[in-house]
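**Q** fold the stuff below for me.
(one chain, ligands or ions: 2)
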Amino acid sequence: MRYQGIIFDLDGVICFTDKYHYKAWKALADEIGVYFDETINNRLRGVSRMASLDIILERSDREYSQEEKEQMAAKKNGMYRELLEQMTPADLSDEVRETLDALRLSGAKLAIGSSSKNAKLILNRIGLGEYFDAVSDGTNITHSKPHPEVFLKGAEFLGLDPKDCLVVEDALAGIDAAVAGGFDGAGIGEAATHEKVTWPLKTFADLKEIQG
Ligand code: B16
Ligand code: MG
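**A** Ligands and ions are numbered 1, 2, ... in the order given. Model prediction:
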């Protein structure tokens, strides 16, 4: 066993909610007449809800008050949560499920480190509601990635030191957060190209070899 604890980002690592975020943000953007497409949506990966809205509003020709922005973000979140009802345990791949089970058998403690305030709902929908030893998410942090808070809290919840934990991420800002917190990082997708990633992953199952 190489790492005593493994902390997983949720969206883009354990499961994929991009299409639901996209649909909900697109409905909001259409309503206020702001251009939005899938390329812009890709910039929202791993970014907090309010920071995502600010990115979308870069194309707006008017300014919005903080109160209006909070109303818009709440509206988007309502639509998003309704769409999440479509998720089922079938949205968890066999590869992810089997790899998580193997990592647990290695003796490691497993946690979630997600920016999302909907992490617990998503975990419940995909059948992992009770699976992790700890869940650190958007509800217990005040600073979003690339700040390391979400992972530092995750390690604290596990009772482990960051240097004994691995963080698994799909977003570049997530690897920045891991490095800033003193964690080794494993990157999948775009995060595999980060210059400071300890383990670039080709597939999620590569984690089994790394953990030994
Ligand atoms: P919510 P992660 C992130 O989750 C998503 O990647 C990002 O697209 C989203 O805006 C953010 O959570 C906040 O989500 O609106 O549900 O609080 O990748 O850190 O698991
Ligand atoms: Mg992610």
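
**Q** C-alpha only now, for contacts and for neighbours.
**A** Fine.

**Q** chain center to stretch 103-117: distance?
**A** With CA atoms, centre = their mean, to the nearest Å as the basis, stretch 103-117 stands 12 Å off its chain's centre.

**Q** and what of stretch 204-212?
**A** With CA atoms, centre = their mean as the basis, stretch 204-212 stands 20 Å off its chain's centre.

**Q** can you list contacts of that stretch?
**A** Contacts of stretch 204-212 with the rest of the structure, by CA atoms under 8 Å, 6 or more residues apart in numbering, involve M1, R2, Y3, V13, E95, V96, T99, A102, L103, S106, I188, L201.

**Q** can you list which of those residues are found in strands?
**A** Using DSSP state E to define strands, no part of these is located there.

**Q** can you narrow these to ones near ligand 1?
**A** Among the contacts of stretch 204-212, no residue lies close to ligand 1 (CA under 6 Å from any ligand atom).

**Q** neighbour count, distance to T88 and pLDDT for these - can I get that in TSV?
**A** TSV is the format used below for the contacts of stretch 204-212 (neighbours: other CA atoms under 10 Å; distance: CA to CA, whole Å; pLDDT from 0 to 100):
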residue	neighbour count	distance to T88	pLDDT
M1	13	32	92
R2	14	32	97
Y3	18	30	98
V13	17	16	97
E95	13	16	98
V96	16	15	98
T99	17	19	98
A102	17	22	98
L103	23	23	98
S106	16	27	97
I188	23	23	97
L201	21	26	98
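
**Q** now, these that are in helices?
**A** Assigned to helices by DSSP state H, the following of the contacts of stretch 204-212 qualify: E95, V96, T99, A102, L103.

**Q** from those residues, which is closest to ligand 2?
**A** Nearest to ligand 2, judged by CA to the ion, of those is V96 at 14.7 Å.

**Q** and that closest one, what does it touch?
**A** Residues near V96 by CA under 8 Å, 6+ apart: I14, F204, A205.

**Q** ok, now A191?
**A** Contacts of A191 (CA under 8 Å, 6+ apart): E169, D170, A171, L172, G174, I175, V197, P200.

**Q** and the gap between the residue nearest to the last one when sequence neighbours are not counted and ligand 1?
**A** Spelled out, that is P200. Closest residue to P200 apart from its sequence neighbours, by CA to CA, 6 or more residues apart in numbering: A192 at 4.3 Å. Distance, A192 to ligand 1, by CA to the nearest ligand atom, to the nearest Å: 15 Å.

**Q** repeat that for H194.
**A** 16 Å.

**Q** ok, the contacts of stretch 204-212 vs ligand 1, which is closest?
**A** Taking CA to the nearest ligand atom as the measure, ligand 1 lies nearest V13 of the contacts of stretch 204-212, at 7.6 Å.
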